[in-house]
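Student: Got a predicted structure plus its sequence, pasted below:
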Amino acid sequence: MPKQKTHKGAAKRFSVTKNGLVKHQKAFKGHILTKKSTKRKRNLRQTGYTTTTEGATIKKLIPYK
């Protein structure tokens, strides 16, 4: 059985925790930050976790991570 190729785009954006959750950075933090409140920007700094359904799909893309 040949080895699977890692999806490099997904590998740069997601990581898997010890418990098997898929961790990612939150969106909408790149630009146009002046109109966003301080509270909103502070909450966007925290990492997000995908749902179990999305996590299963992403785990297939990054099998060795």
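Tutor: On my side now, so go ahead.

Student: Show me which helix runs longest in the protein.
Tutor: Taking DSSP state H as the criterion, the chain has its longest helix at helix 52-61.

Student: hmm, who's touching that one?
Tutor: With C-beta atoms under 8 Å, 6 or more residues apart in numbering as the test, helix 52-61 has contacts from 6-7, 10-11, 14, 16, 20-22, 49-50. Just so you know, the C-beta spots here come from the backbone N, C-alpha and C atoms, and that holds for glycine as well.

Student: Go through stretch 36-48 and flag the buried ones.
Tutor: For stretch 36-48, a neighbour-count test (16 or more other C-beta atoms under 10 Å) marks L44 as buried.

Student: which residues sit against it?
Tutor: By C-beta under 8 Å, 6+ apart, stretch 36-48 touches 23-29, 33.

Student: buried subset of these?
Tutor: With neighbours counted by 16+ other C-beta under 10 Å, the contacts of stretch 36-48 contain buried members at H24.

Student: The contacts of stretch 36-48: which two are farthest apart?
Tutor: Maximum pairwise distance in those, criterion C-beta to C-beta, is 22.7 Å, between K23 and L33.

Student: Quick one: mean pLDDT for the helix or strand containing K39?
Tutor: Using DSSP states H and E, K39 sits in helix 38-45. Per-residue pLDDT values across helix 38-45 average out to 97.

Student: What is the subsequent helix or strand relative to that helix?
Tutor: With elements assigned by DSSP H and E, the helix or strand that comes after helix 38-45 is strand 47-49.

Student: Which strands border that next one, and is each parallel or antiparallel?
Tutor: Strand pairing for strand 47-49, using DSSP bridges, gives strand 22-25 (antiparallel).

Student: Residues in contact with the strand it pairs with: which ones?
Tutor: 13-17, 47-50, 54-55, 58-59.

Student: Tell me which of the contacts of helix 52-61 fall in helices.
Tutor: Using DSSP H, the contacts of helix 52-61 in helices are 10-11.
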